[in-house]
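>>> Have a look at this prediction, sequence included:
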There are 2 protein chains.
Amino acid sequence: MILISEVGPRDGLQSTSRIMPLEAKKAWIKAEAEAGVREIEVGSFVPPSLLPQLADTADVVAYAKAIPNLNVVALVPNAKGAARAAEAGVHAMSIPFSMSETHSLKNVRKSHGEMVEEIREVAKIAKAANIHFAVGLSTAFGCTMEGPISDDQIVRLAGAAAEAGGQEFSLSDTTGYANPAQVRRLVRKVKAAIGDEKLTTLHLHNTRGLGLANVVAGLEEGITTFDASLGGIGGCPFAPGASGNIVTEDLVFMLEAMGIDTGIDLPKLLKVREIVAAALPDEPLYGFTPDAGLPLGFAP
Amino acid sequence: MILISEVGPRDGLQSTSRIMPLEAKKAWIKAEAEAGVREIEVGSFVPPSLLPQLADTADVVAYAKAIPNLNVVALVPNAKGAARAAEAGVHAMSIPFSMSETHSLKNVRKSHGEMVEEIREVAKIAKAANIHFAVGLSTAFGCTMEGPISDDQIVRLAGAAAEAGGQEFSLSDTTGYANPAQVRRLVRKVKAAIGDEKLTTLHLHNTRGLGLANVVAGLEEGITTFDASLGGIGGCPFAPGASGNIVTEDLVFMLEAMGIDTGIDLPKLLKVREIVAAALPDEPLYGFTPDAGLPLGFAP
């Protein structure tokens, strides 16, 4: 069984020009849960002035928590956000930790050392509230400002974040630079450094079309959770087909076709696109399987 | 070293509405060879009334043969086409052999038994002319009319075609149904049946976005040649991004990023798109890497 973590309501919506209404977010999350999705990153506890698209995250969390068997995750940028997430009662919180210090300084104005201390504070808040705490090692496969990041630096920073209290880790291909050989190598090294069971997740983008190829490499290295976004929503500006996040529908198709159980009903999942399309009519929805349809005789 | 076999001038152009002029074909082939592509399927010896787009194949072959270090391949549907290919002096000829008998009957009006006899005739012609002879096991991963094709049937038909004189084989995902687990399984079984060195090639489509994921699986099973089409040209009617053949540019990017030598200069290859775009202005060109650009610090 592989866990697919839907990140569209957070990672997707944070980059749309139109703000999705709360009711549409609820309908989307409900429909995905009904299709069998068991984990959704429903929003982000960043200042509403920065991301007005996610200003209603506490309301979304309250709604999503009432759905049975759904793990409700929110992103937190820092201890302040973590306190809000704890108050809202998320099941899990996740902090991005950029492996590129240039990117970290530019994005959250914190050095690597400062970020490790922030992670320590967030870990305390999460522990006190008995909330699962994950660290996303972002720009792990390269940075648009720094270029390649050395494996040694990633291993060292992952170790520091684990020591500071990170319970679970993901490697994030924020920039769409990853390739399957690099995925294998980096997963192995980070697992060796922080413990096999701690690195569970890959967050992959499809910027250069390699998203699902990188999933295959991750599967082989024992990754059990993959982030994905319905319709690849929140894609980067490259057209056509150059989505940001890998497309949930294509990921489910690939895994189920391979005989790997996701617990997700693919025809039901494909129907969820209608909700997102209706709420965000200007936003392109990506994905190959939705256009091509399922193979004749497809029986996962 | 992995061999990328460019099939755009045949598989791509056979489905375009506009006929590419001979001079543009020459410019395309020349530019790809100069970018380091070492094998090109330049056309097809089918009756010109059926595929007017490829009516000039003999002229294209004559031109391509003069390019140093380029393996010039043509598709032949039957013994008649093989005789024309031999006369034109191709370096290699390739016959498609549909694993779905329904598809074979519909497409070339021949049963499996009749196709094996056709292969025997083509093999004789190729041998007499000292031309390399390949068999493409098409619809191997499923058929839009029959659905899944059993592995046993594919193994049996591959064996029959090898006995009839096929020197080299490819597995073709004509319908875009393949998944990485199936690629691994089928490559293993066919290699076991006809000999490891005889199954060299995968011909993959990206219809459901799994093309490069399937390449990763093929690499792991010792496949050394991958067919691909510049700009994914000749895509199926699904839009956007649902190309037919996997995109040469994305394939080269993935392999070179993985540290696998293709002998191809990627920036030069990306420039070749301009020739195809100018000659076929109505035709969409696919590919993620061409839109996203190369990663900062990319040094294959």
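Looks like it arrived, so ask away.
>>> residues touching the nearest residue to residue A:257 once chain neighbours are set aside, list them.
Computed as Cβ to Cβ, 6 or more residues apart in numbering or on different chains, the closest residue to residue A:257 that is not its neighbour in sequence is residue B:179, at 3.8 Å. Placement of C-beta: from N, CA and C, glycine included. Residue B:179 sits next to A:254, A:257-258, B:210, B:213-214 when contact means Cβ atoms under 8 Å, 6 or more residues apart in numbering or on different chains.
>>> try 6 Å
Contacts for residue B:179 (Cβ atoms under 6 Å, 6 or more residues apart in numbering or on different chains) come out as A:254, A:257-258, B:210.
>>> got it, and residue A:93?
With contact set as Cβ under 6 Å, 6+ apart, residue A:93 has these partners: A:74, A:76, A:82, A:85, A:126, A:131, A:133.
>>> Relative to chain B, which residue of the stretch 51-200 of chain A is the closest?
Nearest to chain B in the stretch 51-200 of chain A, going by Cβ to the nearest Cβ, is residue A:147, at a distance of 2.9 Å.
>>> can you count the residues close to that residue?
When neighbours are defined as other Cβ atoms under 10 Å in any protein chain shown, residue A:147 has 16 of them.
>>> Over to residue A:148?
Using other Cβ under 10 Å, residue A:148 has 16 neighbouring residues.
>>> which regions of chain A sit below the pLDDT cut-off?
A:235-243 (pLDDT under 70).
>>> Which parts of the stretch 1-150 of chain A are strands?
Secondary structure of the stretch 1-150 of chain A (DSSP state E, counting those that start in this stretch): strands at A:3-6, A:39-44, A:71-75, A:92-98, A:132-138.
>>> Output the ones you listed in JSON lines, with distance to residue A:163 appended to each entry.
Listed next are these as JSON lines, based on distance: least, Cβ to Cβ, whole Å:
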{"stretch": "strand A:3-6", "distance to residue A:163": "25"}
{"stretch": "strand A:39-44", "distance to residue A:163": "25"}
{"stretch": "strand A:71-75", "distance to residue A:163": "22"}
{"stretch": "strand A:92-98", "distance to residue A:163": "13"}
{"stretch": "strand A:132-138", "distance to residue A:163": "11"}
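>>> Tell me which of these sits nearest to residue A:183.
strand A:132-138 (12.7 Å; Cβ to Cβ).
>>> Give me the contact list for that closest one.
A:92-99, A:123, A:126, A:158, A:161, A:166-172, A:174.
>>> mind listing what's buried in that strand?
Neighbour counts over strand A:132-138 (16 or more other Cβ atoms under 10 Å in any protein chain shown) mark A:133-138 as buried.
>>> Tell me how many other residues surround the closest residue to residue A:110 other than its chain neighbours.
Excluding its sequence neighbours, the residue lying closest to residue A:110 (Cβ to Cβ, 6+ apart) is residue A:104, at 5.8 Å. Using other Cβ under 10 Å, residue A:104 has 22 other residues around it.
>>> State the distance from residue A:104 to residue A:174.
11 Å (Cβ to Cβ, to the nearest Å).
>>> And residue A:274, by the same measure?
Residue A:274 is 29 Å from residue A:174, by Cβ to Cβ.
>>> Could you check which of the two has the larger neighbour count?
In terms of neighbours (other Cβ under 10 Å), residue A:174 is the more surrounded of residue A:274 and residue A:174; the figures are 26 against 12.
>>> Was I right to think that one contacts residue A:139?
Yes: look at residue A:174 against residue A:139 with Cβ atoms under 6 Å: they come within range, at 4.8 Å.
>>> Output the contacts of residue B:179 in CSV; the columns should cover distance to residue A:36.
Below are the contacts of residue B:179 laid out as CSV (distance: Cβ to Cβ, whole Å):
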residue, distance to residue A:36
A:254, 16
A:257, 16
A:258, 17
B:210, 21
